[in-house]
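>>> Quick one, structure for this:
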Amino acid sequence: MDTAAYGIPHASRLMTDFAERTGLVGSRRSSRRYLWTDAFAVCNFLELARLTGDSRYLELARHLVDEVHHVLGRYRADDARVGWLSGLDEREGEAHPTRGGLRIGKTLPERQPDEPPDDELEWDRDGQYFHYLTKWMHALDQVSRATGDPRFNLWARELAEVAHAAFTRGPPGRRRMVWKMSTDLSRPLVSSMGQHDPLDGLITCVQLEATSALLPGAAVGPEPRRAVEDFAALLRVTDVRTVDPLGLGGLLSDAGRVAQLGASEAFRDGALLERLLAAALEGLSLYPLYGEGSQPASRRLAFRELGLAIGLSSIGWIQPAVGGRPLQRLRSFAALGSELVSFWLAPEHQAVRSWTEHRDINEVMLATSLIPEGFLVLEGSSGPVGVARDGFRPDPRG
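Model prediction:
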């Protein structure tokens, strides 16, 4: 089966439905925004624009960026505080919408300073997540790479600066990160460190620097070199191995970005790519023992499994940078990605509560798994993008 021929119309339907359902287009009075989902959605719209030549998708990507900044870059409607999270006035806030970070978009307001922690309730409370911010930085950067407009890269670099300052704490040699911060970035809500946060921070900051160097007339703004140093130091003492499907997919997606950014000073020796592939291969070999593949759809979370499928699609972008046994082992897991996508394409599996309760994130990531290049490919990077465009990608229908 021609994967692209099948994936484009299906992904287009998924993304059109998402845009209407969440108030991006149509007659809904309010825009329902969630940062992680919207980051993938921006990349999907960019890819649909590239694949179809239809400029409406590019306009949807730009409009979604604007909506996210105006909804998640400002305080909630039920918050006593008003305006931009940064505290900037309206004019400056419009010019620098990411200067205060971006809310997650959870249904409940953040935990107040006098409220006791509740581990279960915290999942539904608002605030800021570092790994969501890095996803948005990546989405903004992809808009700059696709359009040549340096503003989006500038906003991503400004977001990187504020995120690094807020989430990374402690003196040199004893620095660490926190998992979740308050909406105004004034206090930690969850003090433990996200396992892959230093990794995401390092790769994303290197990517933003690389893009800024590529763009003619790039705006003067923050240079994330201090952040790169901090994240690299934290990563040296962080175990990135995992059997979680979303985490494994992240490792593979990150490996694809490192392969494309391989000419950068931070990744030139190949050590990080080798480390990520070793961790991913170990996790993939153990995944059948810990994964949910034998469970019914009602006991599985689609977006986590689709994250792994998206990561497995990056094999084509990793391929030119590696060879021999590691590549052969990676390719041996490609069928897993096809199986996961095929499973979640089945209408009966989309009828279960675990799908319908997370419909937005599930459908957007399903669309990404069908047209993954918008999320995975760094247009114009110094990596082998031309090879990757024609590289291996698993058929999602099996």
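>>> how much space between the residue of the chain most remote from its centre and V243?
The centre of the chain is farthest from one residue, D114, which by Cα atoms, centre = their mean lies 32.3 Å away. Counting by Cβ to Cβ, to the nearest Å, the gap between D114 and V243 amounts to 38 Å. All C-beta spots, glycine's among them, are computed from the backbone N, C-alpha and C.
>>> For my notes, confirm Y132 occurs in a strand.
No. Read with DSSP: H, G, I helix; E, B strand; the rest coil, Y132 is helix and lies in no strand.
>>> and stretch 121-139, average pLDDT?
What stretch 121-139 shows for mean pLDDT is 98.
>>> Okay, buried residues for it please.
For stretch 121-139, burial by neighbour count (16 or more other Cβ atoms under 10 Å) applies to 122, 125-139.
>>> can you check stretch 230-243 too?
230-232, 234-235, 238, 240-243.
>>> now, which of the residues you listed lie within strands?
The members of these all map outside strands under DSSP state E.
>>> Can you tell me which of the residues you listed lies closest to P172?
Checking these against P172 by Cβ to Cβ gives D230 as the nearest, at 8.9 Å.
>>> for that closest one, what are its contacts?
Counting by Cβ atoms under 8 Å, 6 or more residues apart in numbering, D230 makes contact with 164, 168, 175, 201.
>>> State the pLDDT value of it.
What the model reports as pLDDT for D230 is 95.
>>> Number the chain from 58, please
In the new count, where the first residue is 58, that last one comes out as D287.
>>> For N419, see how far away it is.
34 Å.
>>> CA-only coordinates of stretch 65-83 in CSV, if you can.
The C-alpha coordinates for stretch 65-83 follow below in CSV (Å, rounded to 0.1, in the frame of the first residue of the first chain):
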residue,chain,number,x,y,z
ILE,A,65,-2.8,12.3,3.5
PRO,A,66,-6.6,12.1,3.2
HIS,A,67,-7.1,10.4,6.5
ALA,A,68,-4.8,12.8,8.3
SER,A,69,-6.5,15.7,6.6
ARG,A,70,-9.9,14.5,7.9
LEU,A,71,-8.5,14.0,11.4
MET,A,72,-7.0,17.5,11.5
THR,A,73,-10.0,19.2,10.0
ASP,A,74,-12.3,17.6,12.6
PHE,A,75,-9.8,18.7,15.3
ALA,A,76,-9.8,22.3,14.1
GLU,A,77,-13.6,22.5,14.2
ARG,A,78,-14.0,20.6,17.4
THR,A,79,-11.6,22.7,19.4
GLY,A,80,-12.7,26.1,18.1
LEU,A,81,-9.7,26.8,15.8
VAL,A,82,-12.3,27.3,13.0
GLY,A,83,-16.1,27.5,12.9
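>>> can you pull the contacts of D254?
By Cβ under 8 Å, 6+ apart, D254 lies in contact with 187-188, 191, 224, 234, 236.
>>> For Q264, the count of nearby residues, please.
Q264 is flanked by 27 other residues according to other Cβ atoms under 10 Å.
>>> Distance of it relative to R410?
Taking Cβ to Cβ, one finds Q264 at 37 Å from R410.
>>> what does G368 give?
Separation of G368 from R410 (Cβ to Cβ): 26 Å.
>>> still on that earlier bit, which one among the contacts of D254 gets closest to R244?
F224 (12.0 Å).
>>> Skipping adjacent residues, who's closest to that closest one in space?
Spatial nearest neighbour of F224, excluding adjacent residues (Cβ to Cβ, 6 or more residues apart in numbering): F187 at 4.6 Å.
>>> do the same with E405
Leaving aside its chain neighbours, E405 sits nearest to A354 (7.6 Å; criterion: Cβ to Cβ, 6+ apart).
>>> who's in contact with the one you found?
The contact partners of A354, taken as Cβ under 8 Å, 6+ apart, are 400-401, 405-406, 409, 411-412.
>>> Can you tell me which of these has the most neighbours?
W401 (23 neighbours).
>>> my read: that one touches V409, true?
No. Counting by Cβ atoms under 8 Å, V409 is not a contact partner of W401; they are 10.5 Å apart.
>>> quick one on the thing from earlier: Throw the contacts of A354 into JSON lines and include distance to E339, thanks.
Below are these laid out as JSON lines (distance: Cβ to Cβ, whole Å):
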{"residue": "F400", "distance to E339": "24"}
{"residue": "W401", "distance to E339": "25"}
{"residue": "E405", "distance to E339": "33"}
{"residue": "H406", "distance to E339": "29"}
{"residue": "V409", "distance to E339": "31"}
{"residue": "S411", "distance to E339": "28"}
{"residue": "W412", "distance to E339": "30"}
